[in-house]
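[1] Sharing a sequence plus its predicted fold:
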Amino acid sequence: DTGVSQNPRHKITKRGQNVTFRCDPISEHNRLYWYRQTLGQGPEFLTYFQNEAQLEKSRLLSDRFSAERPKGSFSTLEIQRTEQGDSAMYLCASSFWYNEQFFGPGTRLTVL
Amino acid sequence: AQSVTQLDSQVPVFEEAPVELRCNYSSSVSVYLFWYVQYPNQGLQLLLKYLSGSTLVKGINGFEAEFNKSQTSFHLRKPSVHISDTAEYFCAVTTNTGTASKLTFGTGTRLQVTL
């Protein structure tokens, strides 16, 4: 088991473009979480999945953000019409039910 | 809703000295508490967790933390730090009710260890 992986590790885009990030959780984990971390802050919860069902979304997740987890395996997080305020580290974590969450290395997004 | 306060944004300390990183939480229900460490350009690694039972929990790399319900605190301690402990440390809380186990994090404490 290689842990949680995220791709790409870094993404630079121009304002107004769409971006998509991918997260591959630990294989036996049924829960998958997305967090956003801005400079000097702790991670903030965005959304989570239990298997393929998206069960909770934060009010931070505007309608420009969409997340999917088809077949309950990997997940994607898409941001449409990016804004400079979207620049952040996007972290993915997975867990088996209520057990501890294991975090991936994150995807750092820079919006120019 | 729960919240976490990490009172110190930065803690400078000399190598081999003891250190305490403070964490206070607020919640109207029972909580689970965690400390994570983040090295530059990396994700978060779990140091230790309190779920129930003994209020003194031991984690990796010689760290320990004590859950104090009356003071709503979960301070992290290490008796002797190393240069390699330089990193950002985050305290986090989740509740044991409902279907979600999302974590609420503090703003972090930067531990800077010098010779």
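    Done, it's in.
[2] What residues does the residue of chain B found nearest chain A make contact with?
    Relative to chain A, the nearest point of chain B is B:Phe105 (3.2 Å; C-beta to the nearest C-beta). C-beta: built from backbone N, CA, C; applies to glycine. B:Phe105 makes contacts with A:42-44, B:4, B:36, B:90-92, as judged by C-beta atoms under 8 Å, 6 or more residues apart in numbering or on different chains.
[3] Then B:His75?
    The contact partners of B:His75, taken as C-beta under 8 Å, 6+ apart, are B:20-23, B:65-66, B:68.
[4] make it 7 Å
    With C-beta atoms under 7 Å, 6 or more residues apart in numbering or on different chains as the criterion, the residues that contact B:His75 are B:20-23, B:65-66.
[5] May I ask which of the residues you listed has the most neighbours?
    Neighbour counts for the contacts of B:His75 were taken using other C-beta atoms under 10 Å in any protein chain shown; the highest belongs to B:Ala65, which has 27 neighbours.
[6] so it touches B:Val57, yeah?
    Yes. With the criterion set as C-beta atoms under 7 Å, B:Ala65 and B:Val57 qualify as a contacting pair; they are 5.5 Å apart.
[7] I'd say B:Val13 and B:Val81 touch.
    Yes. In this structure B:Val13 lies within contact range of B:Val81 using C-beta under 7 Å: 5.8 Å.
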